[in-house]
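Asker: coords please:
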Amino acid sequence: MRRIGLMGGTFDPVHIGHLLAAEAAREAADLSEVWFIPTSVPVHKPQPGASGAQRRALVETAIAEHPSFRVEAAELDRQGASYTIDTVLELRERYPDVSFYWIVGSDMRDDLPHWRRIEELAELVVFIALERPGAAGEVAVAEPALPDYLRGRIVRGEMPGIGISSTDIRRRCAEGRTIRYMVPERVRTEIERMGLYGSRTID
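Answerer: Prediction:
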């Protein structure tokens, strides 16, 4: 079976950290592909500053040159609040011959027991938990506290520590500050072309 990684998020906007995480997960679990899934209506975050179509276009721009990355628009097409279990059930029905892996950060790994219908979800996907360099000791301490149904359903991966967030990027755009090298260059020019987040052309 093909091994496909799923990365959900608002991607408002997509940035270098997202791309590094996807590549680290692909390597950690020997994935055939990673599918980026832009959220339509985030459940636990403020509403995005860019529309679903704009965020999808930015992701497509960011990953255009990577042969193993693609956008999956299931949540944008479905609209409404986005829960991981609903997305995974839909994708499992559409792609019964695929083994799915859901990509999370180490902080989200610890929150997994609180996810909607998590026991059912843990039967449908394996989680890839991406750690900061040198965090292996923290993982060894925290993992035994996870419920039995999650043990053995988590693959560890390591990614470079990088302090970039979409929130900071939006703030920089609004303040007229540069976001060069925080996002792929084509994404930067698209953000400026669309006039997103109060941005204006900065050379």
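
Asker: ok, then the element right after the lowest-mean-pLDDT helix or strand in the chain?
Answerer: Lowest by mean pLDDT, DSSP states H and E among the helices and strands of the chain is helix 136-142, with a mean of 45. Scanning forward in sequence from helix 136-142 by DSSP states H and E, the next helix or strand is strand 154-158.

Asker: so which bits of the next helix or strand after that following strand are buried?
Answerer: Scanning forward in sequence from strand 154-158 by DSSP H and E, the next helix or strand is helix 166-174. Across helix 166-174, burial judged by 16 or more other CB atoms under 10 Å covers 166, 169, 170, 172, 173. Any C-beta I mention is one placed from the backbone N, CA and C, and that applies to glycine too.

Asker: wait, the fourth one touches residue 178, no?
Answerer: This means residue 172. Yes. Residue 172 is within contact range of residue 178, at 7.0 Å (criterion: CB atoms under 8 Å).

Asker: strands of this structure, start to end?
Answerer: Along the chain, counting by DSSP state E, strands occupy 2-9, 33-38, 69-71, 98-105, 125-131, 154-158.

Asker: if you compare those strands, which one is most tucked away?
Answerer: strand 33-38 (a mean of 24; mean count of other CB atoms under 10 Å).

Asker: pull up the pairing partners for it, direction included.
Answerer: strand 2-9 (parallel), strand 69-71 (parallel) (DSSP bridges).

Asker: ok, residues contacting the shortest one?
Answerer: For strand 69-71, the surrounding residues in contact (CB atoms under 8 Å, 6 or more residues apart in numbering) are 22, 33, 34, 35, 36, 37, 38, 56, 59, 60, 63.

Asker: once you drop chain neighbours, what's closest to the first one?
Answerer: Read it as residue 22. Residue nearest to residue 22 in three dimensions, not counting chain neighbours: residue 34, with 4.4 Å by CB to CB, 6 or more residues apart in numbering.

Asker: how near is the one you found to residue 28?
Answerer: From residue 34 across to residue 28, the span is 11 Å (CB to CB, to the nearest Å).

Asker: which pLDDT value goes with the residue nearest to residue 22?
Answerer: Predicted confidence (pLDDT) for residue 34: 98.

Asker: which residues touch it?
Answerer: Contacts of residue 34 by CB under 8 Å, 6+ apart are 4, 5, 6, 7, 22, 23, 25, 26, 68, 69, 70, 103.

Asker: which strand residues bridge it?
Answerer: With DSSP bridges as the rule, residue 34 is bridged to residue 5, residue 69.

Asker: show me the contacts for residue 128.
Answerer: With CB under 8 Å, 6+ apart, residue 128 has these contacts: 5, 25, 28, 29, 101, 102, 103, 104, 154, 155, 156, 157.

Asker: what residues are up against the residue lying closest to the last one once chain neighbours are set aside?
Answerer: In this case it means residue 157. Leaving aside its sequence neighbours, residue 157 sits nearest to residue 28 (CB to CB, 6+ apart; 3.0 Å). Contact analysis of residue 28 by CB under 8 Å, 6+ apart lists 128, 130, 155, 156, 157, 158.
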